[in-house]
Structures are given as C-alpha cells and as structure tokens.
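Peer 1: coordinates only, sequence not included:
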C-alpha cells in the first residue's frame, strides 16, 4: 500500500503543478489520448481548454449553464444571461437539471483529478464552483450528496499533493474534521439514534448476524465472539436478550466477547472500547446474561494476530465483521484480511460478515467506481428521504455524521486502489479463501422481511447465493450480510 | 394400522407434506421418502430408539445430537436429523408421548381435532375417516406445515420485537452515560448552576413510565444516580429549551419512530406487532430493568410531549411563548424534533395530513421547545450562557449559539 501511495505522489506532483502553458500543451482532443472524457461529460468541450488560465472560470460557467447546449460562448455575460432562463423552467425540472449539472460537475472534477487529461487546477476550480452551489445542510438530496462528494474530492485533491490519502483511509473522519468542527459527542449520539430510527441499515446487519449466531450455537454452553469493530456494542444487546431467553439448548450460555481494539487515534464513536465493555457488562448483568469482556489489540499497522486471543476449550468461536453503517471508517484491506485469516487459522465455527454491496464496476477504473459510489449513496439518501420527507434536518445530521465520512473514505479507497485490478467484496474473498457458505435460515430471512416491513416499502431483501441476505433500496443493492464457516470446521456437516 | 402409525408419527416428523409421498426402507432400516428432497421419516421404532438414547444420556437437556447419534448407532442418521428432532422433542415432549400411547383410532381423532382448530378446509371434515384416510393425512400434513410456518413467523415476529426492544434499552444506557458525562463536564465548569427552574418535573403524563431528568440535585437523587446537575441537558436539548417541565424523557422507545407515529395516527403497519404499541408509547407496560423508576434521555418522545402539552398542562403554556428560535442554528435539535413531529412517510399516503397536524400543533404551541435548543455544542454555550438564563421563566434559554458546531 505504501508503494502505491508513493507512486501516486510522484505521478501527481509532476503532472499536477502545471503552469498554464503546460496545461495547454498537454490537453488535446480525445483522439490523441483515447480519452472518453466527452462520453462522461458532454457539456465540457475540452478544446476550449486551450485558452489561458482565466478561461477556466468561463468554462465552469458554461458547464453550469444547462440551457445552451450547442453554442459555447466565451463571454461570461452570455453564460449568465443564459442562466437566467432557468427560473422559467418548472421547479422540478430546474431541480433535476441542477442535479444533473451537479453530477456533471462532479464527474468533471473526478475526471480532472484522475483521468487521462489530468489537471489539478481544473479540478480545483470545479470544486470551488461546486462548493458555491451546494451545502451539506440544505437543499435537495442531490445537493447535499454533492456537497459531501465535493469534500471528498477536495480531500483527494489536497491529499494528493501531500500524501495524506492513506491517512485518510484509516482515519478519514479525522481528516474530515479539519474541515468541519469536530463532531460533538451528542451530535454523534443523536445522529446514531436517528439513523437507527430512520433506516433499517443498522438493525439489518446486526440482526441477521445475530440470528445466524444464535442458530449456530443452540447447543453450546460457551460462546466466544470476536468483534472486529465493536464501536459502542449495540449489536450485542439484542443477542444477549435472545440468548437469555432461548428455549432450546442449555439456558443462559456464557457469552464472551473479545473486542478488537486499535491503538492510536482511531475515531472514537462514543467512547473507548473499555467503556463499551463496561456498558455491555452492565447490560448483561441487568438481564442476567453471564458475560465477560476482553480486548485484543491490533498491531500498529492494524494487523490482527490470532495469537493475541485468549481462547477457552469447548467454546463456540464466532468472528464478527461489520463493515457497514454506522461504522465510520473504511478499514484498510490488509487489516480486514488479517482478521478473516485469523478466523480461518482458529477454525472459527462461524464468520458473520456485513459489508456494502458493490455494484458491478467492470473496468470502469476510478470513474466507474466513482459513479458507482455516487449511485450507492444517492440511493441511501433517497431511502432516508422517502421515509422521512419532512425531516430534512434530521437527515442532514445523519448524513453529516455518518454518510459524509463514509463517502470521504470511499473516495479515498477508490482513489488509492485505482489502477489495481477490479476490487472484490469480502464475501468473494472469503469464498476464494476456502470458507464455506452457510445457508440463511427461514427464520433469518423472515426476520429481515419483517424488519424491513417496519420501514418504507422501497426497501427489499433478497437472498442471494444461499448464504447472503442483501438489503436494497428500490433497484439498488446496498448492504450484504453473509454467513460462513471455516474451511476446516466440521460442525455443520 | 399402518395408517394410524403414519398419523401418529406425522405429528412430530419434519416431513414437508407434498404429493406422492411414498416411503422406502433403506438398508439401515431407516424410512426415507422418495419425494424430491429425501427426508427422514421418524417411524415409531426409530423414535423409540431415540427416546431410549436420550433417556440413557440423562434426558433431553443433557443429550446432544452427537452423543445421541453415537448411542443410537443407526447408519445414515446425521447430526442434522438429530438436531432438529431433538429440538422438536424438547419442545413438544408431552404431546408426542400422547400420540404414541394412544391407539390408532385416537390418533386419527386427534388429527381431526387439530384440523378443526386450524380452520382448515371444511370439505375434509365431512369425509368419512375410513374411506379417505390417506388423503386425510396428507391434508393434515399440509395443514400442519402451513400452520408450522405460520407459527414460526409469529415467533420470529415476537423475537424481533424483543430484540428491537433490547437494542433500545441499550441505546438508553448510552444516552444516560452521555448525559452524565456532559453533566460532569458542565458541573466542573458551572458549579453555580442551580437546580430550580430548570428541573424537569416528574410529570407522569399518562405514559406509564415517563421519566424525567431533573436538573436539580435533589431531583437527581430521585433519579437515583448522583447529584449532578444536568445543565448540559438544556443544551443537549433533547428536551428542548424552556420547557423543562415538559421535558419528559421517556424511555427511549425501542421500536423505530415509525412505530410511534403509526400508533398515534392510527397506524398503517403491515405487521400486526401488537406489542409494539404498548411499548412505543413510553413502554407503558414494561418494567424498567435498571431499577430506578425513571428513565433518562429519550430522544424519542417528542411528539408525545407536544401532544400532551397541547392538552394544556398549565406550566407549559407560559414557556411556549418564548423562543422563537432560529432553527438554523440548531440543526441537530431541530432534526430531532422534526423527525418526531411529523409522521414519517411510510406508506406515502399520510404525509399531507400529518404534516398539517404537526404544523397545527406547532403553531399552537408556538414552536415548542424541542425545536429550540441546540443539541450540542454544549460546552461553548454554557460558558457563555449560564444556566441562569435557562432557569428564568420566560427567558430565552438558548441564546445565540455562536459557536454552534453546525455552522
């Protein structure tokens, strides 16, 4: 990973800091570079870039101006005049067209950052213009979404020069904080509560995993769960409740949870892992669940070492890996891989994985994944809006606290991985590594359907590949919860 | 005789009915079906061996599928078969015994009873038992299957309910801690913060378990925690600025807010989660697992407050006159209030009507307090705007959130 970053740095430094003259000489029509720029953003006529630096602003104006499609003028005045036609359009149409403009601008900026016709200056200018148009707090869904993407791209732009990208990946929210005031803890709590109430994302992942765990340990007296990212531990509240009240099998089995903790400045959700442990212990005591809590530290590079775990003979081992909302950060792939490898090494009986569902990106490279990411998050925004159209500020808060950092991290990750072969999902990784899929039970599927029924109609759950439940919004798949067992574990034969 | 056996065993087997079921006897003496998914038919003999094995091992609770398998020593019997049979056995031990003990005739009658109870097609009832036993049992089997699925779904629903509730309770502990932390912080900053005006009364507004967080040290004692002031709560303002009296922090409803609104607006739930209502509205009937009768922070019961305030609790009225606060400064609080004031657009149908009700409510209450105070930036605020402000009735407790983090 370090190597990649270095390459990126060199690449960018040499091409990014260009004077106007350099820019003009490097920019040509698509033919020469085989660039499909115009396919992405038909409103930009790259030929126009051959002018002096100032013309960038004119060009931006042109891009904004949706009305004059054919004629490109060089005069700002013309552009402005054309823009005045906008109010005549219907509001919805205007919004749509504005949304479209925003998308085009985002695409333009993304392309400017990474495409063949790379220009940091252009990217910077576009982002400035974008920032004028959008705000993370008000406006339509598209506008707020665009605001977060703009920040993400801005981060890439700045990071690109200073090698911050890897940093952004791991502690994306920290970087994010440089731009915004720190998320006050109560902000975070409020947003978390809202997120849970407004959408099924959190519960879907937790409940599906928990149901699978329950089914796998029905006859066990000791259960040991290793949690990759426990955050504040809310997933385990419902598991404990279910364990305490289970009818078959030994009653009230002893539950042990080992939380993987990270040193350093990882983002703290509401508190430290220790606090989470205390909270869980207290909760368990309150419902009469035998419980103990442990921590397991990751190495400094966030690698998981199975030897750091304390195991007890005869316990059912479960590895729990939650990578979706409301977890903030994208974890470095190596770290996740080391965790899952640990599961294999220890012959874990069950591995529960919840991750974002990636769309088919094919060979889109950065742009393809960027667009996919845009679609993904716009579906999430839509899902929140559909359920709560009147509560714009609530949604804006959730978006700001949770989705913004995720978008930020997503972009950083895509950026860093561009040029690599097609990215895979962790489910695919598990399959390839020899883990065996476990089928989703009727009860689990039923529970997911019932859960979604509490929310908007637009959510749907599909059962794919026999061991996965995928939560989607309308036609877009968003979250995938899958269950696996270690290659050598013979419990489920 | 054969038929009666079928009936008796079917009650407990996990055969999935279906047409054209026939049985073959395998080499191991197991009876397997020939329908597309071969399933093990638990004949009486097999079951007896099972029961023996379980008894040998010390009962259904002590026995495990692995050990049973070993003891029974039947070839072809897998852990999967045993697991589910054991589970059924544990659950339905008694009824099964009855089937085994009775004669064939009774077995059929039992089937009939069950069928009656499950409101099955009446046509079957009319047939004579002697003539149509085969069809009869098939029908019973299918009926059982349907019923089983249905019961399973109800079970799932019930469990889901409990799990959501558990999550809600846990969320509450988080909120509690957060309150305490903030209070502690604030306490350090503002030692003079007094308890009086800002205290939340423990008004039981008919919610059963409506609990308030009281600002004053005295009330904190009641709260059962410690004698901290919670001035931060003002800022936290989950409960709104001036209306401390009304700020009943009810127990956080574990079900999604949608439940709440559904309930209050006559509900358009798909699922008949009957329990949800009882615990949505402040979890009326559930005991507080935390021992104290008060539950702190609920981010959830806004509209409740509004509605109840509407009913004219006197203390509210005066407080409602201040604070026409700029929502813009406090997006978080407003978000919270927003979400709980209007019904979420679940089905898409009710948006308009509810928004009008909500706005009516709002107008009536003159932009009630939940909208008012900022959810955070407690620290900055408090330093600038001492609690005193909050306590004086009529004063705008949430002055200018200059340093609001939202800006």
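Peer 2: Good, I have the coordinates. Everything quoted here is computed from the prediction, not taken from an experiment. Numbers count the residues shown, from 1 in each chain, chains lettered A, B, ... in the order given.
Peer 1: Check for me that residue A:472 belongs to a strand.
Peer 2: Yes: secondary structure of residue A:472 (DSSP: H, G, I helix; E, B strand; the rest coil): part of a strand.
Peer 1: does it really touch residue A:463, like I thought?
Peer 2: No: Residue A:472 lies out of contact with residue A:463 (C-beta atoms under 8 Å); the separation is 11.8 Å. Bear in mind the C-beta positions are built from the backbone N, C-alpha and C, glycine included.
Peer 1: who's more crowded, the two?
Peer 2: Ranked by neighbour count (other C-beta atoms under 10 Å in any protein chain shown), residue A:472 and residue A:463 place residue A:472 first, with 19 against 14.
Peer 1: and that one, what does it touch?
Peer 2: A:357, A:459, A:460, A:461, A:462, A:478 (C-beta atoms under 8 Å, 6 or more residues apart in numbering or on different chains).
Peer 1: Show me the beta-bridge partners of it.
Peer 2: For residue A:472, the residues forming beta bridges with it (DSSP bridges) are residue A:460, residue A:477.
Peer 1: how near is it to residue B:170?
Peer 2: 27 Å (C-beta to C-beta, to the nearest Å).
Peer 1: what's the closest non-adjacent residue to residue A:248?
Peer 2: Nearest residue to residue A:248, sequence neighbours excluded (C-beta to C-beta, 6 or more residues apart in numbering or on different chains): residue B:87, at 5.0 Å.
Peer 1: Apologies, that question was intended for residue B:64.
Peer 2: residue A:219 (5.7 Å).
Peer 1: Is that neighbour in contact with residue B:66, as I believe?
Peer 2: No: contact criterion C-beta under 8 Å: residue A:219 and residue B:66 do not qualify, at 9.0 Å.
Peer 1: Those two: which is more packed in?
Peer 2: The neighbour count for residue A:219 versus residue B:66, taken as other C-beta under 10 Å, is higher for residue A:219 (17 against 12).
Peer 1: need the contact list for that one.
Peer 2: Residue A:219 sits in contact with A:248, A:249, A:250, B:64, B:65, B:83, where contact means C-beta under 8 Å, 6+ apart.
Peer 1: would JSON lines of those with secondary structure and neighbour count be doable?
Peer 2: Shown next, in JSON lines, are the contacts of residue A:219 (DSSP: H, G, I helix; E, B strand; the rest coil; neighbours: other C-beta atoms under 10 Å in any protein chain shown):
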{"residue": "A:248", "secondary structure": "coil", "neighbour count": "16"}
{"residue": "A:249", "secondary structure": "coil", "neighbour count": "18"}
{"residue": "A:250", "secondary structure": "coil", "neighbour count": "16"}
{"residue": "B:64", "secondary structure": "coil", "neighbour count": "18"}
{"residue": "B:65", "secondary structure": "helix", "neighbour count": "20"}
{"residue": "B:83", "secondary structure": "helix", "neighbour count": "18"}
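Peer 1: now the contacts of residue A:472: which count as buried?
Peer 2: Buried members of those, scored by 16 or more other C-beta atoms under 10 Å in any protein chain shown, are A:357, A:459, A:461, A:478.
Peer 1: quick check, the residue nearest to residue B:64 in a strand?
Peer 2: No: inclusion of residue A:219 in a strand is not indicated when three-state DSSP is applied; the result is coil.
Peer 1: quick one, phi/psi of it?
Peer 2: Main-chain torsions, residue A:219, degrees, to the nearest 10: phi -110, psi 10.
Peer 1: go on, residue A:135?
Peer 2: According to degrees, to the nearest 10, residue A:135 has phi -140, psi 140.
Peer 1: my read: it touches residue A:145, true?
Peer 2: No: using C-beta under 8 Å, residue A:135 is not in contact with residue A:145, being 11.5 Å away.
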